[in-house]
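**Student:** one predicted model, sequence on top.
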Amino acid sequence: MSNTRHQPAAPTTSRDLAAAATVTPHWHDENQIVYASRGVVAVHTESSRWIAPAHRALWIPSGTVHSHRAYGVTRLHFLGLTQNPLKLRSPSALAVSPLLRELLIAYTSLTHRETPAAKRMRLVLLDQLATASEQPVHVPAARDPRLATVCSLLEADPSDSRGLDALGRVAGASGRTLTRLFRDELAMTFPQWRTQLRLYHALRLLAEGVSVTSVAQQCGFATASAFIDVFRRSLGHTPGSYL
């Protein structure tokens with residue numbers, strides 16, 4: 001990302017973003033948790049895109065260039081960390097339990113964080129983060145131009161149901177070559193990547209108030225029931241909970 005800003009300290013704070021508002025590319029010398037208690041936040045890095053509804057938080061390691069975009073009116077909570085309680089070296093989406101949610105909201109909203117009560121809250125928060133499981137909804141970016149062409153086609157129309165052989169005829173590569181590229185470059189199978197892409201777009205549309213039936217159609221699911229099933233298995237909740 002060009003024109004990135006360096007903010008040495010990762011702030012601990014809460015802020016509201018209007019629908020479609022953005023935070024331009026920047027990086028910190030500290031680790032950071034980004035959580036949206038309302039709305040949906042997407043985080044873009046140089047190699048991937050991540051999206052987090054209210055049951056997910058995003059872990060951004062120090063030195064990672066990233067930008068934010070809000071879908072729907074969004075309440076963001078930022079937690080700066082000099083330590084790495086998760087032992088993760090790359091961005092990830094984390095499951096947020098009800099307790100972790102309340103801790104993130106309460107701690108990032110504090111005016112004074114040096115009181116004994118605030119310090120105890122931070123210790124519990126770090127303990128909860130250390131045990132949070134990874135629950136990604138992310139879309140890794142392709143580098144190979146043939147693979148990037150296929151990804152761009154599906155980005156433009158997530159409902160495109162063509163298989164790799166048909167897409168490969170446009171990209172100038174065989175279905176077998178593309179299958180290998182998905183595995184070697186993106187560490188996913190083609191169906192896994194396409195499902196992540198469709199869920200990414202689905203979360204954006206749901207945050208903007210689009211109906212479940214319409215989201216299913218726009219994102220390429222055969223039926224609304226099929227969409228609900230994939231959504232629940234992937235995220236642990238029904239899409240209706242995000243409307």
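**Tutor:** Received, thanks.
**Student:** and the lengthiest helix in the chain, how far from the chain's centre?
**Tutor:** Secondary structure of the chain read by DSSP state H shows that its longest helix is helix 190-207. With CA atoms, centre = their mean, to the nearest Å as the basis, helix 190-207 stands 10 Å off its chain's centre.
**Student:** past that helix, which element shows up next along the chain?
**Tutor:** Downstream of helix 190-207, the first helix or strand assigned by DSSP states H and E is helix 212-218.
**Student:** next secondary structure after that next one?
**Tutor:** helix 224-235.
**Student:** just the buried residues of that following helix, please?
**Tutor:** 224, 227-228, 230-231, 234-235 (16 or more other CB atoms under 10 Å). Bear in mind the C-beta positions are built from the backbone N, C-alpha and C, glycine included.
**Student:** residues in contact with the longest helix of the chain?
**Tutor:** The set of residues external to helix 190-207 that reach it, using CB atoms under 8 Å, 6 or more residues apart in numbering, is 39-40, 42, 49, 51, 53, 71-72, 74, 136-140, 151, 154-155, 158, 164, 178-179, 182, 186, 188, 212, 214-216, 218-221, 227, 230-231, 234-235, 239, 242-243.
**Student:** could you rerun that using 6 Å?
**Tutor:** 39-40, 51, 53, 71-72, 137, 139, 154, 158, 164, 182, 186, 215, 219-220, 234, 239, 242 (CB atoms under 6 Å, 6 or more residues apart in numbering).
**Student:** dump the C-alpha coordinates for it into PDB.
**Tutor:** Extracted C-alpha coordinates of helix 190-207, given in PDB (Å, rounded to 0.1, in the frame of the first residue of the first chain):
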ATOM      1  CA  PHE A 190     -10.900 -23.100  -5.000                       C
ATOM      2  CA  PRO A 191     -14.200 -23.900  -3.300                       C
ATOM      3  CA  GLN A 192     -12.800 -22.700   0.000                       C
ATOM      4  CA  TRP A 193     -11.600 -19.400  -1.400                       C
ATOM      5  CA  ARG A 194     -14.900 -18.800  -3.200                       C
ATOM      6  CA  THR A 195     -16.900 -19.500   0.000                       C
ATOM      7  CA  GLN A 196     -14.700 -17.000   1.900                       C
ATOM      8  CA  LEU A 197     -15.300 -14.400  -0.900                       C
ATOM      9  CA  ARG A 198     -19.000 -15.000  -0.800                       C
ATOM     10  CA  LEU A 199     -19.200 -14.700   3.000                       C
ATOM     11  CA  TYR A 200     -17.100 -11.500   2.800                       C
ATOM     12  CA  HIS A 201     -19.500  -9.900   0.400                       C
ATOM     13  CA  ALA A 202     -22.500 -11.300   2.400                       C
ATOM     14  CA  LEU A 203     -21.400  -9.700   5.600                       C
ATOM     15  CA  ARG A 204     -20.900  -6.400   3.800                       C
ATOM     16  CA  LEU A 205     -24.400  -6.500   2.300                       C
ATOM     17  CA  LEU A 206     -26.100  -7.600   5.600                       C
ATOM     18  CA  ALA A 207     -24.400  -4.700   7.400                       C
END
